[in-house]
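S.K.: starting from these lines, generate the structure:
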Amino acid sequence: MLGIDLGKNNCSLAGLDATGAVVLRRKMTREGVTAFAATLPTCVIAMEACCGAHFLGRAFADQGHEVRLMSPEYVQPYVKAQKTTTGTPRRSPRQRRGRRCGSCR
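M.R.: Numbers count the residues shown, from 1 in each chain. Prediction:
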C-alpha cells in the first residue's frame with residue numbers, strides 16, 4: 001500500500017508492506033510520483049480526495065493500481081499539527097482501508 005499526501009509542488013509518500021510496517025518514505029514532485037508509481041508492482045494507493053487526487057488517481061488506475069480516495073473529513077483526525085506533516089501519509093493508509101469518498105464508489 002502506498003499513502004500519498006499531496007502538496008502544491010511536492011508530495012510525501014509512505015509505503016507499507018502486508019504487515020503494516022513502513023518500508024518506504026520519500027518526498028517527490030507530482031511528476032516524480034507518477035513515474036515512481038509506474039515502476040511499482042500493482043498495489044493500493046490511498047490519497048485525500050481533491051482535484052489533484054482525482055487526476056492522479058486516474059493516472060494510477062491506468063497503470064493498474066487500485067486507487068482509494070479518502071474524504072477530507074476523515075483525514076483531519078490523523079494530522080497532528082496545524083499543517084500537514086510528513087508523518088500523515090505514514091499513518092493514514094492503515095486507517096484508509098475500505099474508506100472512500102462518496103463520489104468514488
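
S.K.: measure Pro72 to Ala18 for me?
M.R.: The spacing between Pro72 and Ala18, counted by Cβ to Cβ, to the nearest Å, is 28 Å. Every residue, glycine included, has its C-beta placed from N, CA and C.

S.K.: list the buried residues for the longest helix seen in the chain?
M.R.: Scanning the chain for the longest helix, with DSSP state H as the assignment, gives helix 51-62. Using 16 or more other Cβ atoms under 10 Å as the burial criterion, the residues of helix 51-62 that qualify are 53, 56-57, 60.

S.K.: will you turn the residues you listed into JSON lines that also has distance to Lys8 and pLDDT?
M.R.: Output for these, formatted as JSON lines (distance: Cβ to Cβ, whole Å; pLDDT from 0 to 100):
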{"residue": "Ala53", "distance to Lys8": "13", "pLDDT": "89"}
{"residue": "Leu56", "distance to Lys8": "14", "pLDDT": "91"}
{"residue": "Gly57", "distance to Lys8": "18", "pLDDT": "93"}
{"residue": "Phe60", "distance to Lys8": "19", "pLDDT": "95"}
